[in-house]
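*Asks:* need a 3D model of the sequence below.
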Amino acid sequence: MNATRETVRILHVDADPEFADEARKRLEDEDDRFEVVTATSAQGGRDRLATDEFDCAVSGYELPDEDGISFLGELHDDVAIPLALYTDRGTGATAADALDAGVTECLPKRFGFELLAARIADAVDGCCADRSTAREERERQLEALHTSMRALLTADDRAAVASIGVEAANDVLGLKGGTVYLYDDAEAALVPVASTEAAIDLAGAPPTYTRGESITWRAYERGVAGAIDDVRDDPNVHNEETTIRSQLNLPLDDHGILVVGSTEPSVFDEHDVALGGVLARNVVVALEQLDRERELTRKNERLEEFTSVVSHDLRNPLGVAMGRLELAREECSSEHLADVDRALSRIETLLEELLALTREGTSGDSVESVALATVADRCWRTVETVDATLVVESDLSIRANRSQLRQLFENLFRNAVEHGGGAVTVTVGKLDDEPGFYVADDGPGVASEARDRIFESGYSTAAGGTGLGLAIVQRVVDDHGWEIRLCEGRCGGARFEIVGAELP
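*Replies:* Below is the predicted model:
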């Protein structure tokens, strides 16, 4: 015998305990895979099934609490295993009743245990083959769903997502008559965007659904996947003369709905609803990604406009004002001119920092090996450090965008001097236990209530601060895929740890 299972566990229910024990021994002798567990009543059999797993159930007809056909018929609704009635009763009407109840085999006891063992083995092996085939098909469908997800995420627009969605329903799940309806704000309606050829062949061109009496709109509003066994019996059927009988509704959140139809009633089962729900979720993810990309594009366009205004339309009049200030100083002396100078310098600083925040992030082509000591020294010379001191305690090199790394150091140095005073000492070094570096100072540190907001744009605790310096630092860190942590320094003060920097 071709064994498809190492052990076949059989539940045998018979009112006669001596016969049940003999059956156990004889069946286990007939096939060394068999392991037989006995019970003497239908309830005893149920109790066994509730706590253990079996590959087959065998029952006599006359049980103390009910007949075997009733017991096995109930099992047929609950468990997907072969069921056998093994009885002394005549096999005519009894066999017909048993088969109607879902029993797999009906054998008279006079045929002996050898035939019963053979029938059990064939039924279990066939069931195993069916289960294996079903499992392989489910695995194929799930893998195909993952493949379709990759295709969905590469779609350029909503129509392409809809088209891939209905084709996936057709090719992956075997749901042929599919149409994707997307909600259109302008029309306040569900508009058909993509259909399979089978859908058009079944019911013609799909209609547009507005709010009101239709199965599709109702399913869209409820947002719950499900199947209609016969649309003709549904009070919300849109077209009473439709050729469609079954309908599978797969809502796509607020975006719309994927509908699959069939000309046969009661076609779609729970498996179709479950896998269709997975596909619908994938379509929603793709549509939301397109929405995010579209919003990001709009934001980038506005940002480019803003950058253009800052870099050209504001810098030009600022340059004129600073030039006029110099001329005014040559012509007269006034204490107000110093205030004007400070105000214009602050405007210039704000413009530089705003432009730094709007610059594009780093890319692989612009990343190179950079020595921290070299960059730190050069940046120190470009910042007004008064009497502050820089100490570099490491010769570490990392892969970074050199220009952005300069922005990071300059802003951390400026932050240390602004908050720590002109005599502050700033230290740059390598992290001990993980890849990265730190910038620390021996100033007063950062108050606990400010730590959660320190990297927010516009937030500053320094008089006259722009609140953009540390936001620029955060931007540089994010662009490189690093992480930044604010800690307390060894000598008090603030310590910024940049974690995750890649070594050359």
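*Asks:* immediately after the one helix or strand in the chain whose mean pLDDT sits lowest, which helix or strand?
*Replies:* When the helices and strands of the chain are compared on mean pLDDT, DSSP states H and E, helix 335-358 comes out lowest with a mean of 75. Scanning forward in sequence from helix 335-358 by DSSP states H and E, the next helix or strand is strand 367-371.
*Asks:* helices or strands up against that next one?
*Replies:* With contacts taken as 3 or more C-beta pairs under 8 Å, 6 or more residues apart in numbering; DSSP states H and E, strand 367-371 sits against strand 397-401, helix 402-420. All C-beta atoms are positioned from the backbone trio N, CA, C, and that covers glycine.
*Asks:* hey, least reliable of the ones you listed by pLDDT?
*Replies:* Looking over the helices and strands packed on strand 367-371, mean pLDDT reaches its minimum on helix 402-420, with a mean of 87.
*Asks:* and Thr154, its phi and psi?
*Replies:* phi -100, psi 0 (degrees, to the nearest 10).
*Asks:* of all the helices and strands packed on strand 367-371, which one is nearest Asn170?
*Replies:* Closest approach to Asn170 among the helices and strands packed on strand 367-371 (C-beta to C-beta): strand 397-401, 46.9 Å.
*Asks:* list the helices and strands the closest one packs on?
*Replies:* Counting contacts by 3+ C-beta pairs under 8 Å, 6+ apart, strand 397-401 is packed against strand 367-371, helix 469-480.
*Asks:* and the longest one, how far out from the chain middle?
*Replies:* Right, the one you point to is helix 469-480. Mean-position distance between helix 469-480 and its chain equals 27 Å (C-alpha atoms, centre = their mean, to the nearest Å).
*Asks:* can you put the helices and strands packed on strand 367-371 in a markdown table and add distance to Glu30?
*Replies:* Output for these, formatted as a markdown table (distance: least, C-beta to C-beta, whole Å):
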| stretch | distance to Glu30 |
| --- | --- |
| strand 397-401 | 71 |
| helix 402-420 | 78 |
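*Asks:* mean neighbour count added to the ones you listed, as a markdown table?
*Replies:* Formatted as a markdown table, the helices and strands packed on strand 367-371 follow (neighbours: other C-beta atoms under 10 Å):
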| stretch | mean neighbour count |
| --- | --- |
| strand 397-401 | 20 |
| helix 402-420 | 21 |
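*Asks:* any idea which of the ones you listed gets closest to Val383?
*Replies:* helix 402-420 (4.7 Å).
*Asks:* what's downstream of that closest one, the next helix or strand?
*Replies:* Helix 402-420 is succeeded, C-terminally, by strand 425-430 (DSSP H and E).
*Asks:* quick one, that following strand and strand 397-401 angle?
*Replies:* Put simply, strand 425-430 runs at 100 degrees to strand 397-401, going by axes from the mean of the first three to the mean of the last three C-alpha atoms, to 10 degrees.
*Asks:* pull out the buried positions in strand 425-430.
*Replies:* Thr425, Val426, Thr427, Val428, Gly429 (16 or more other C-beta atoms under 10 Å).
*Asks:* ramachandran coordinates for Cys106?
*Replies:* phi -130, psi 110.
*Asks:* Cys106 versus the residue lying closest to Arg329 once chain neighbours are set aside, what's the distance?
*Replies:* Nearest non-adjacent residue to Arg329, counting by C-beta to C-beta, 6 or more residues apart in numbering: Leu337, 5.8 Å away. Distance, Leu337 to Cys106, using C-beta to C-beta, to the nearest Å: 110 Å.
*Asks:* could you give the average pLDDT over the lengthiest helix in the chain?
*Replies:* Under DSSP state H, the helix in the chain containing the largest number of residues is helix 112-153. For helix 112-153, the mean pLDDT works out to 79.
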